[in-house]
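Novice: my questions are about this predicted structure, shown below with the sequence.
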Amino acid sequence: MNAIETINLTKIFKVKGKVIKALEDVNIKVDKGGVASLVGPNGAGKTTLIKILSTIIVPTSGDAYVNGYSVLKDEKKVREQIGLMTVSERIFYYRLTALENLIFFGSLQGMTLSEIKERAMELLDLVGLKEWANVPYMKFSTGMQRKLALVRALLTDPPILLLDEPTLGLDPLSQRMFREIIRKISRNKTIILTSHYMKDIEELANFIYIIKRGRIIASGTPEELKRMVGKIYEIRATEVPTTYAKYVISDTGSYAILRIPESEEGAENIISNSEIIKEDEPSLEDVYIYLVGEEMDSIRYERFRGRGGWSRYM
């Protein structure tokens, strides 16, 4: 039995008369143990999927199973299986201390006071917040807020964690520390992680689902996805078609540097007409840029147009 399985999961929202398919026929399977990651641009459907798995919202059609329990028929059982961490600051009461917040939320989940205190202090120590247990939440930095959100998700010791953008807004050092905490936790938990930071995915994920416009467009281990992209050519070019603007990593004003996959349609033309700086193995960032596609083109096109690169992006 899979820890997580979705079957033709679809979610449709109606906003001001418009029909928006946030998810369309999404099928994923996550084995028990390890870390699976959902990767995609803003609005791709990642958070919608997390909300369905945590029974916050219901799907329009299809179903999802968490340790064998249906999100439609067994909501209470599903909630017992998961710990949810989101980026929202509103999941805590500002004037309560860290420990008071955890006591409140633990009691809602049926834990006794002694159980909550023992578990809370153990987890606060794990994330480096033990000395802040009696400090009001309003005095916590962004990084400390994220850590406390993780503690809340772990409070009942659930077998499955759903972590939605856990390192969003953190500085590089805090991101590194957070990844180490997640790595420790993943030894005896199943984790679904969403993130925009490829460093998070590169270091933590055993399996990756790439989602775009509500659909899963690719999946596999990091190694399988990298093989899909193939060799990367880093080139120096004086003219760049707009379809390749997403591959530009720097623009000096007189030329652009691109990291372009050999598997990109028509890539041989721009590669053969440019100076090859080096050949490289793909990173997960290369995979993401290759697969996400046109979502990035207009953004990068306008950025380089504004910097005087208009003549090169034809």
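Specialist: Sure thing, it's come through. These figures come from a predicted structure and were not determined experimentally. Residues are numbered from 1 along each chain as shown.

Novice: which non-adjacent residue is nearest T10?
Specialist: S61 (4.6 Å; Cβ to Cβ, 6 or more residues apart in numbering). No exception for glycine: its C-beta is placed from N, CA and C like everyone else's.

Novice: ugh, wrong one, I meant A120
Specialist: L102 (4.3 Å).

Novice: secondary structure class for the one you found?
Specialist: When classified by DSSP: H, G, I helix; E, B strand; the rest coil, L102 comes out as helix.

Novice: now do the contacts for the residue nearest to T10.
Specialist: N8, L9, T10 (Cβ atoms under 8 Å, 6 or more residues apart in numbering).

Novice: do I have it right that the second one meets K29?
Specialist: Right, L9. No: the criterion here is Cβ atoms under 8 Å, and L9 misses it with K29 at 12.0 Å.

Novice: where along the stretch 1-150 of the chain do the strands fall?
Specialist: Assigned by DSSP state E, counting those that start in this stretch, the stretch 1-150 of the chain shows strands spanning 4-15, 18-26, 29-30, 34-39, 61-66, 69-70, 82-85.

Novice: mind checking which of those strands is nearest A205?
Specialist: A205 lies closest to strand 34-39 among those, at 3.9 Å (Cβ to Cβ).

Novice: what lines up beside the closest one in the sheet?
Specialist: Sheet pairing of strand 34-39 (DSSP bridges) gives strand 190-194 (parallel), strand 207-212 (parallel).

Novice: export these to a markdown table and tack on distance to M85, mean neighbour count and mean pLDDT?
Specialist: Below are these laid out as a markdown table (distance: least, Cβ to Cβ, whole Å; neighbours: other Cβ atoms under 10 Å; pLDDT from 0 to 100):
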| stretch | distance to M85 | mean neighbour count | mean pLDDT |
| --- | --- | --- | --- |
| strand 190-194 | 10 | 25 | 96 |
| strand 207-212 | 18 | 22 | 96 |
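
Novice: of these, which is nearest R152?
Specialist: In terms of Cβ to Cβ, the element of the strands paired with strand 34-39 nearest to R152 is strand 190-194, at 15.4 Å.

Novice: kindly calculate the angle that the helix or strand where M177 lies makes with strand 34-39.
Specialist: Using DSSP states H and E, M177 falls within helix 172-185. In terms of direction (axes from the mean of the first three to the mean of the last three Cα atoms, to 10 degrees), helix 172-185 departs from strand 34-39 by 140 degrees.

Novice: what pLDDT, on average, does helix 172-185 get?
Specialist: Mean pLDDT, computed over helix 172-185, is 90.

Novice: return the set of buried residues in that helix.
Specialist: Neighbour-count burial for helix 172-185 flags S174, Q175, M177, F178, R179, I181, I182, I185 (criterion: 16 or more other Cβ atoms under 10 Å).

Novice: ok, and what's touching it?
Specialist: Contacts of helix 172-185 (Cβ under 8 Å, 6+ apart): 35, 126-128, 143, 146-147, 150, 154, 161, 163, 166-167, 170, 191, 193, 197, 199-200, 203-204.

Novice: show me where the stretch 51-200 of the chain dips below the pLDDT cut-off.
Specialist: 89 (pLDDT under 70).

Novice: helices of that one, start to end?
Specialist: For the stretch 51-200 of the chain, the helices defined by DSSP state H, counting those that start in this stretch occupy 75-81, 98-108, 113-126, 142-154, 172-185, 198-204.

Novice: so P222 touches M198, yeah?
Specialist: No: here P222 does not reach M198: they are 10.2 Å apart, not a contact under Cβ under 8 Å.
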